[in-house]
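Undergrad: Dropping the sequence and predicted coords here.
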Amino acid sequence: MVIANYIAYVLTILGAFNWGLVGMFNFNLVSWICGAPANVGTTIIYVIIFLAAIWLIISPIISRGRLELGRRDKNNTK
């Protein structure tokens with residue numbers, strides 16, 4: 001679950017970066033990478049980023065209120 005959280009964070013940050021570029025410079029990085037504003041590639045990337053954001057919302061619920069980003073030592077309860 002820790003790996004899924006890291007992947008979700010990276011994808012969500014990339015999505016936020018793309019929206020920042022769109023807002024500030026009217027440049028869509030995803031469309032530029034895929035070569036067209038609306039094709040299957042851009043749709044897949046947007047859906048993956050959406051699922052990553054949903055994962056970050058439900059992950060703390062699954063793990064009893066904590067978003068785990070590292071393994072905790074069983075002897076260390078801090």
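TA: Yep, that arrived. Residues are numbered from 1 along each chain as shown.
Undergrad: mind checking the SS state of R64?
TA: What DSSP: H, G, I helix; E, B strand; the rest coil gives for R64 is coil.
Undergrad: Let me know how buried it is, in neighbour terms.
TA: Counted with other Cβ atoms under 10 Å, the neighbours of R64 add up to 6. For every residue, glycine as well, the C-beta is placed using N, CA and C.
Undergrad: what's the answer for G15, then?
TA: Per other Cβ under 10 Å, the neighbour tally for G15 reads 19.
Undergrad: Now it. Its backbone dihedrals?
TA: Main-chain torsions, G15, degrees, to the nearest 10: phi -60, psi -40.
Undergrad: Please, which helix or strand holds the closest residue to it other than its chain neighbours?
TA: Residue nearest to G15 in three dimensions, not counting chain neighbours: I49, with 3.9 Å by Cβ to Cβ, 6 or more residues apart in numbering. In this structure, I49 is located in helix 40-62 according to DSSP states H and E.
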